[in-house]
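In: structure, please.
(chains A and B)
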Amino acid sequence: MAEYWNFEPNYEQKAKRFFANIPKPEMILNYDIAVKDFVHSGNASAQIKLFLKRLGVDAKVLRRVAVTSYEAEINITAHSFGGTIVGNIFPEMIHIIFQDRGPGLKNIEEAMTPGFSTASDLVREMGFGAGLGLPNIKKNSDVMHIVSAENESTMLEILIYY
Amino acid sequence: MNKKKYFHAINIIQENCNGCSNCVRICPSEAIRLRNSKIIIDETRCIDCGKCIQVCPSMALTPISDKLKEIENFDYNIAIISAPFAGQFPHEIGFQRAKNTLFELGFDEVADEAEVSEVIAKMIREYIQKNPKKRPVISSDCPVVVRLIQLRFPSLLPNILHLEAPMSVITKYYRDKIIREKKIDPSLVGIFLIVPCIAQVTAVHQPEGSYKRFQDGAISMNEIFNKIVALNIDIEPEENEIDFASRGHTWAISGLEAEDVNNGEIKTLAVSGINNVVEVLSRMENHQLENYDYIVLGSCTNGCVGGVLNPENPFIATSRIKRLMKNRNQVKIEALKTTNNLDEDYFLKLFRNGLFDVPNLEPRSIMELDKNIRRAITKMKKMQEITDLLPGLNCCACGSPTCQALAEDIVQGKATLDDCLIRIRQEKQKN
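Out: Residues are numbered from 1 along each chain as shown, chains lettered A, B, ... in the order given. Model (predicted):
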């Protein structure tokens, strides 16, 4: 298993404490993501966005959550055998876990390079697969963590503080 | 008109309400409730789209607009017709004759929103080119869309085109012109818009983002239509008279403004109908539509021709405007000269000097359950518990639009579980 971490310096200490002992979230949002269902892809991230709007989360933060969760949801739809999204709601931040059922990343660092993409022609034709998904998620999240290996599943989790 | 915190151009006549709850269901911002046989409109949530007026079968919700007799308060009156006016009249009357009839109704001058469309398109192009980082730019034409963004998509507020709407731009032109040429006391010049929707009435009485009040009133297309038809009913149409409209009138139809702004380099998108608008704004929030430079959003079906104050069906009006536009080619040049020629440089100079700039708009967030996130989470939990107790039929019999909305109303102390009639029946059956 290979692992990748990225911390926004301002939140690094706080986030490390969080991951050392993950507290019970106030609320949990669960979504299933079907294989190659491009029609409904984006619904889960839309729900998460709506939920945070109801909590009164600041518009700029909300937009970062919208972008990251949308990109990650599209990744599961386009590149995996399906998976789940779990949104853990805390009073000061959101923790979202994107878990797929494979086939896993050959090389995480490579996948983090802007422009790198394994997307099929079909996926590209639909306007996805420009190779900006993971770099965009990194740019818009406070913490990004990936655990993956080839022929296994990929777990991506992010933290965004309000 | 009396001023509340938020003015809305909707009149509620409680005694006419039969309790059907059509309005509660259709409201895109869930602003309406029926409680104790009373219609309640949440004035912070209402975006003046007018959908409730369209579906009310019993005249309990009616539009508010200024009456024609208000022109009596002024010495010199100018009517400014909005673009959809061109599509409202059957060919026996015709658009040009209808326009001329406005003089008989007491106006001293008649102007047309369509006159400025070309120069507005230029300003929009210039604005887009000068703000390369702002993508997509969202058109500020439709007041309903602007309010919808303030309420539900505040993160998109910076994307709104910071330019006065065509109606305001042309009003400024005529006010200056009349005061300069006629040497009339400015307070005695009345400028009235003939508008297709209640959002335009609201925009006149409570302009969002601009602090100057541009016009003296907004008169409904319906009222003017009735008066014009009454004056023309016995007059035979003149033979060989070709009725025509200009390109600017087609801006009443969704898609045409976007086409005109696109000079080959600007990628545009046009969307009409409130549900489509909500979907596109939601996608924009995910940064999904950044490949577009300019997006024109209109709340009504097929654009402003679909406004609630228009007498004619939106698609029939569309067909007429397109036909009148084609007729233009057959009209003799002398006839075209009678339409007003505006000085483009005048507008571009004012535009470049920032006179049509609109300040940043403030969000009017209605989405949050509480100002405090912890309290909002507690409310959200309670809401979910309550939603589980409700039947999930969204039948609307309680007076809230959905079971979830009722759960929210209960959490906010505006309703109780006993408002759910299905639940009361279920409880009865249990006992």
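
In: with adjacent residues omitted, what lies nearest to residue 101?
Out: By default, I'm working from chain A. Leaving aside its chain neighbours, A:R101 sits nearest to A:F81 (4.3 Å; criterion: Cβ to Cβ, 6 or more residues apart in numbering or on different chains). Every residue, glycine included, has its C-beta placed from N, CA and C.

In: please go with chain B instead
Out: Excluding the flanking residues, the one nearest B:T101 by Cβ to Cβ, 6+ apart is B:I228, at 4.7 Å.

In: returning to that earlier point: and the residue nearest to A:R101, what does it touch?
Out: By Cβ atoms under 8 Å, 6 or more residues apart in numbering or on different chains, the contact set of A:F81 is A:V35, A:D100, A:R101, A:G102, A:P103.

In: stretch B:13-32: how far from the chain's middle?
Out: Counting by Cα atoms, centre = their mean, to the nearest Å, stretch B:13-32 is centred 20 Å from the centre of its parent chain.

In: scratch that, stretch B:157-166
Out: On Cα atoms, centre = their mean, the centre of stretch B:157-166 falls 14 Å from the chain's centre.

In: quick check: mean pLDDT of it?
Out: Across stretch B:157-166, the average pLDDT comes to 90.

In: for stretch A:15-31, same thing?
Out: Averaging pLDDT along stretch A:15-31 yields 96.

In: residue numbers of the stretch 101-250 of chain B in contact with chain A?
Out: Listed as neighbours of chain A in the stretch 101-250 of chain B under the rule Cβ under 8 Å from any Cβ of the partner chain: B:R152, B:P154, B:S155, B:L157.

In: make a markdown table from those and add neighbour count and secondary structure to it.
Out: Output for those, formatted as a markdown table (neighbours: other Cβ atoms under 10 Å in any protein chain shown; DSSP: H, G, I helix; E, B strand; the rest coil):
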| residue | neighbour count | secondary structure |
| --- | --- | --- |
| B:R152 | 23 | helix |
| B:P154 | 22 | helix |
| B:S155 | 21 | helix |
| B:L157 | 17 | helix |
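
In: so what's the single nearest residue of chain A relative to chain B up against?
Out: Closest approach of chain A to chain B (Cβ to the nearest Cβ) occurs at A:G56, with a separation of 2.9 Å. Residues near A:G56 by Cβ under 8 Å, 6+ apart: B:S365, B:M367, B:E368, B:L369, B:D370, B:K371, B:N372, B:I373, B:A376.

In: before we move on, the earlier item: confidence score at the residue nearest to A:R101?
Out: 95.

In: can you classify it by secondary structure?
Out: At A:F81, secondary structure determined by DSSP: H, G, I helix; E, B strand; the rest coil is coil.

In: distance of B:S140 from B:E223?
Out: 27 Å (Cβ to Cβ, to the nearest Å).

In: look at the two and report which has more neighbours.
Out: For B:S140 and B:E223, the more surrounded residue by other Cβ atoms under 10 Å in any protein chain shown is B:S140, and the numbers stand at 23 against 17.

In: chain neighbours aside, what residue packs nearest to the more buried one?
Out: Spatial nearest neighbour of B:S140, excluding adjacent residues (Cβ to Cβ, 6+ apart): B:L161 at 4.7 Å.

In: right, and that neighbour touches B:M123 too?
Out: No. Contact criterion Cβ atoms under 8 Å: B:L161 and B:M123 do not qualify, at 9.2 Å.

In: wait, B:V169 touches B:V116, no?
Out: Yes. Using Cβ under 8 Å, B:V169 is in contact with B:V116, at 5.5 Å.

In: neighbour count winner among these two?
Out: Using other Cβ under 10 Å, the more surrounded residue of B:V169 and B:V116 is B:V116, with 24 against 21.

In: B:L231: what's it in contact with?
Out: Going by Cβ under 8 Å, 6+ apart, B:L231 touches B:T101, B:E104, B:L105.

In: how about the contacts of A:G56, which pair is most distant?
Out: Across the contacts of A:G56, the longest distance by Cβ to Cβ is 14.6 Å; it joins B:M367 and B:N372.

In: and the two? which has more neighbours close in?
Out: A direct count of neighbours by other Cβ under 10 Å for B:M367 and B:N372 places B:M367 higher, at 19 against 14.

In: grab the nearest non-local neighbour of B:Q14.
Out: B:K38 is the one closest to B:Q14 (Cβ to Cβ, 6+ apart), at 5.8 Å.

In: just the pLDDT at that neighbour, thanks.
Out: We have a pLDDT of 94 for B:K38.

In: that one and B:E15 touch, don't they?
Out: No. The pair B:K38 / B:E15 is not scored as a contact, 10.5 Å apart, by Cβ under 8 Å.

In: between these two, tell me which one has more neighbours.
Out: Taking other Cβ under 10 Å, B:K38 and B:E15 do not tie; B:K38 has more neighbours (12 against 6).

In: which ones are touching the closest residue to B:R45 other than its chain neighbours?
Out: Nearest residue to B:R45 in three dimensions, chain neighbours excluded: B:A31, at 3.6 Å (Cβ to Cβ, 6+ apart). Listed by Cβ under 8 Å, 6+ apart, the contact set of B:A31 reads B:I41, B:D42, B:E43, B:R45, B:C46, B:I47.

In: tell me the one of these nearest B:S282?
Out: B:S282 lies nearest to B:I47 out of the contacts of B:A31, by Cβ to Cβ, at 15.6 Å.

In: thinking again about what came up before, dump the contacts of A:F81 to JSON lines, plus pLDDT and secondary structure.
Out: Formatted as JSON lines, the contacts of A:F81 follow (pLDDT from 0 to 100; DSSP: H, G, I helix; E, B strand; the rest coil):
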{"residue": "A:V35", "pLDDT": "91", "secondary structure": "coil"}
{"residue": "A:D100", "pLDDT": "95", "secondary structure": "strand"}
{"residue": "A:R101", "pLDDT": "95", "secondary structure": "coil"}
{"residue": "A:G102", "pLDDT": "86", "secondary structure": "coil"}
{"residue": "A:P103", "pLDDT": "93", "secondary structure": "coil"}
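
In: got a winner among those residues for most neighbours?
Out: The most neighbours of any of these, using other Cβ under 10 Å, belong to A:D100, which has 25 neighbours.

In: OK, contacts around that one?
Out: Contacts of A:D100 (Cβ under 8 Å, 6+ apart): A:I33, A:I76, A:H79, A:S80, A:F81, A:G82, A:G83, A:S153, A:T154, A:M155.

In: at 6 Å instead, please
Out: By Cβ atoms under 6 Å, 6 or more residues apart in numbering or on different chains, the contact set of A:D100 is A:I76, A:S80, A:G83, A:S153, A:T154.

In: ok so, going back, give me the subset of the contacts of B:L231 lying in helices.
Out: If you go by DSSP state H, the contacts of B:L231 have B:T101, B:E104 in helices.
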